[in-house]
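Student: I would like to see how this sequence folds:
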Amino acid sequence: MTFTPTDPATYNTVTVTVSVTVSKATLTVTANNLSLTAGSTIPTLDRYDHRVCERGHAVMVTGTASCTTTATSASPAGTYPITCTAGR
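Tutor: Numbering: from 1, shown residues only. Model prediction:
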């Protein structure tokens, strides 16, 4: 790690070796609720990714979450699940 001061006239640049621990963070993918009229096309299934990390550090997520439903445009009125899986 190199510390580069904004005021080099007062402070010196310093390089030091440090250990860094990188831990997995929790990622929860939640489907957004949707409504449609019977017989219409299924809308794009979207979701919200809840990225939880400690102390406000940046989170890197790889892959893309995807969502599916058992409802079709021919499904009768009712409630159908939207299931999302996190990408890898």
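Student: after the lowest-mean-pLDDT helix or strand in the chain, which helix or strand is next? Please name it.
Tutor: In the chain, the helix or strand scored least confidently by mean pLDDT, DSSP states H and E is strand 47-52, which has a mean of 70. Per DSSP states H and E, the first helix or strand lying C-terminal to strand 47-52 is strand 66-69.
Student: which other helices and strands contact the next helix or strand after that following strand?
Tutor: Downstream of strand 66-69, the next assigned helix or strand under DSSP H and E is strand 82-85. Here strand 82-85 touches strand 26-31, strand 66-69, going by 3 or more Cβ pairs under 8 Å, 6 or more residues apart in numbering; DSSP states H and E. No exception for glycine: its C-beta is placed from N, CA and C like everyone else's.
Student: centroid-nearest residue for the chain?
Tutor: Taking Cα atoms, centre = their mean, the centroid of the chain lies closest to residue 49, which sits 3.7 Å from it.
Student: my guess is it contacts residue 29, does it?
Tutor: Yes - judged on Cβ atoms under 8 Å, residue 49 makes contact with residue 29 at a distance of 5.6 Å.
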